[in-house]
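1. Just need the structure, nothing else, for what follows:
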Amino acid sequence: MPWNECKPMDERLKFIGRLLQGEKMAPLCREFGISRVTGYKIYNRYKDCGLDGLYDRSRAPYRQANKLPYQVERAILGIKKEHRSWGAPKIRAKLIRDYPMIPTPAVSTIHAVLDRNNLVKRRKRRRHKAAGMTLVGSNTPNGLWCADYKGEFMLGNRQYCYPLTISDYRSRYLLTCDGLESTRSDFAFSVFERTFKDFGLPHAIRTDNGNPFSSPCALFGLSKLSVWWLRLGIRIQRIKPGHPEQNGRHERIHLTLKKEATKPAAFNFLQQQERFDDFMQVYNNERPHQALGGAYPGEVYTPSARIYEPPTDPEYPFHDRTIRVTRCGRICINSRKINFSNVFAGQLVGIREVDDQVWQVSFMEYDLGFFDKEQDRVEPGPDPFVPDKVLTICPE
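-> Prediction:
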């Protein structure tokens, strides 16, 4: 939520007061956690309107769309009452025939009238519920990596640190431990890309269902990060929600990391990262591991033979057409805009007609869902990420 929507007026007063005392806009915006665009917006409203400009303004539109005259709305409800099974298109056609003298409202406006009066049966949209997957380990290095965020903690400068850790399942080798400012996906992208460049690609990655590894609002819980992994040929494993023991080997690393590198916390990110680097050196190359028969993880682990390269665009030779998903997560076909998912923004998907006026949407080898000529959104199909497709590459 934007700052000026969630902060009370006294925060804006403090902000304006310190500006008037001569403080610079850029550092003050950083301290308050807002952009300079928002800062100048608040300051300009104060200059134009005084203190009244600091109050929340109504976000209601100046005019209400689809607001019909009372008589027209009443006629719509009367037709619906007489013909319960009719939808907005039929009611509109009836209005045209019975009341040719009035401007006929659009189908969407008639539907909105019915919806406001609880005369539309809503279709319950399917929402992905995280349930976890059948998990299979690996007896070889790089068959399976484990990734997670160790719980956040506060540094000496009052900033929170979110350590992102990646380890190899077989050797317990700690590949990465990076202290980040948040769990935002762009930070995670950079960490994983650097790790892939240093150690190659694994066959699978196991995570929990939190951000940025999973997105509960997207098809099958996919996120932009996991879509990128699929593009790289990496299979995904997600543990069952509320069961961190399913990623127990990695959680055990976190316990050791917490004891030896975060208590007490360093003053800033640079100092804390130095502690993490020292911990990784000792953990990987000097600390005997009981589960490895006393060997060091660095003696067991070897980098992957799968070299990291930016993925090429997928091809769909057996589909009717190939379409690139828009930045807002839509599939545009002629004049139609089909709502798909933001996590696939910029990706190529395959479209093929599988029934009369019913099309299937595929991403790589995964068939994700369907849309028809009526509904402008993709409804999920059967889950394509079943164990035999996700996990066969990294057998126990």
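2. list the helices and strands the lengthiest helix in the chain packs on?
-> Assignment by DSSP state H gives helix 269-285 as the longest helix of the chain. Judged by 3 or more CB pairs under 8 Å, 6 or more residues apart in numbering; DSSP states H and E, the packing partners of helix 269-285 are strand 160-168, strand 174-180, helix 248-261, helix 297-300. Glycine gets a C-beta too; all of them are placed from N, C-alpha and C.
3. which residue ranges form the strands in the stretch 1-150 of the chain?
-> For the stretch 1-150 of the chain, the strands defined by DSSP state E, counting those that start in this stretch occupy 145-149.
4. how about Glu353, secondary structure?
-> Going by DSSP: H, G, I helix; E, B strand; the rest coil, the secondary structure assigned to Glu353 is strand.
5. Surely it touches Trp359?
-> Yes - counting by CB atoms under 8 Å, Glu353 touches Trp359, with 5.3 Å between them.
6. With neighbour numbers in mind, choose between those two.
-> Trp359 (21 against 12; other CB atoms under 10 Å).
7. element containing that one?
-> Using DSSP states H and E, Trp359 sits within strand 358-363.
8. one step back: identify the contacts common to Glu353 and Trp359.
-> By the contact definition CB atoms under 8 Å, 6 or more residues apart in numbering, Glu353 and Trp359 are jointly contacted by Asp320.
9. Next, give phi and psi for the nearest residue to Leu77 once chain neighbours are set aside.
-> Closest residue to Leu77 apart from its sequence neighbours, by CB to CB, 6 or more residues apart in numbering: Asn117 at 6.2 Å. The phi/psi pair for Asn117 (degrees, to the nearest 10) reads phi -100, psi 20.
10. tally of neighbours for Asn117?
-> Number of residues near Asn117 (other CB under 10 Å) recorded here: 13.
11. Val354 contacts Phe371, correct?
-> No - judged on CB under 8 Å, Val354 makes no contact with Phe371 at a distance of 10.9 Å.
12. which of these two has more neighbours?
-> Each of Val354 and Phe371 has its neighbours counted (other CB under 10 Å); Phe371 has more, 22 against 11.
13. hmm, back to that, list the pairing partners of whichever helix or strand comes after the strand holding Trp359 within its sheet, with orientation.
-> Under the assignment DSSP H and E, the closest C-terminal helix or strand after strand 358-363 is strand 366-372. According to DSSP bridges, strand 366-372 has the following sheet partners: strand 358-363 (antiparallel), strand 379-380 (antiparallel).
14. Just the mean pLDDT for strand 366-372, thanks.
-> Averaged over strand 366-372, pLDDT sits at 88.
15. Run the chain-centre distance for that strand.
-> Relative to its chain's centre, strand 366-372 lies at 20 Å (CA atoms, centre = their mean, to the nearest Å).
16. At which residues are the helices of this structure located?
-> Under DSSP H, the chain gives helices at 3-6, 9-20, 25-32, 36-49, 70-82, 88-98, 107-116, 185-199, 224-231, 248-261, 269-285, 297-300, 387-390.
17. Poorly predicted segments of the stretch 51-200 of the chain, please.
-> Residues of the stretch 51-200 of the chain that meet the criterion pLDDT under 70 lie in 52-68, 108, 121-138.
18. and with 90 instead?
-> Counting by pLDDT under 90, the stretch 51-200 of the chain contains low-confidence residues at 51-139, 150-152, 182-186.
19. Spatially nearest residue to Arg206, not counting backbone neighbours?
-> Excluding the flanking residues, the one nearest Arg206 by CB to CB, 6+ apart is Gln237, at 4.0 Å.
20. measure that neighbour to Phe32 for me?
-> Per CB to CB, to the nearest Å, Gln237 is found 41 Å from Phe32.
21. In terms of neighbours, single out the busier of the two.
-> Each of Gln237 and Phe32 has its neighbours counted (other CB under 10 Å); Gln237 has more, 25 against 17.
22. Tell me, what's the model's pLDDT at the more buried one?
-> Reading off the model, Gln237 has pLDDT 89.
23. Please report how far it lies from Phe213.
-> 10 Å.
24. Equivalent analysis for Thr38, please.
-> Taking CB to CB, one finds Thr38 at 30 Å from Phe213.
25. who touches the longest helix of the chain?
-> Residues contacting helix 269-285 (CB under 8 Å, 6+ apart): 155, 159, 161, 163, 173-174, 177-179, 181, 253, 256-257, 260-262, 265-266, 296-298, 301.
26. Next, the angle from it to strand 160-168.
-> 20 degrees (axes from the mean of the first three to the mean of the last three CA atoms, to 10 degrees).
27. CA atoms only: put helix 269-285 into PDB for me.
-> Taking Å, rounded to 0.1, in the frame of the first residue of the first chain, the C-alpha atoms of helix 269-285 are listed here in PDB:
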ATOM      1  CA  PHE A 269      24.700  -5.500   6.300                       C
ATOM      2  CA  LEU A 270      28.400  -5.400   5.300                       C
ATOM      3  CA  GLN A 271      29.600  -6.500   8.700                       C
ATOM      4  CA  GLN A 272      26.900  -9.200   8.900                       C
ATOM      5  CA  GLN A 273      27.700 -10.500   5.400                       C
ATOM      6  CA  GLU A 274      31.300 -10.800   6.500                       C
ATOM      7  CA  ARG A 275      30.100 -13.100   9.400                       C
ATOM      8  CA  PHE A 276      28.100 -15.200   7.000                       C
ATOM      9  CA  ASP A 277      31.100 -15.600   4.600                       C
ATOM     10  CA  ASP A 278      33.300 -16.700   7.500                       C
ATOM     11  CA  PHE A 279      30.600 -19.100   8.700                       C
ATOM     12  CA  MET A 280      30.300 -20.700   5.200                       C
ATOM     13  CA  GLN A 281      34.100 -21.200   5.000                       C
ATOM     14  CA  VAL A 282      34.200 -23.000   8.400                       C
ATOM     15  CA  TYR A 283      31.000 -25.000   7.800                       C
ATOM     16  CA  ASN A 284      32.000 -26.200   4.300                       C
ATOM     17  CA  ASN A 285      35.700 -26.800   4.700                       C
END
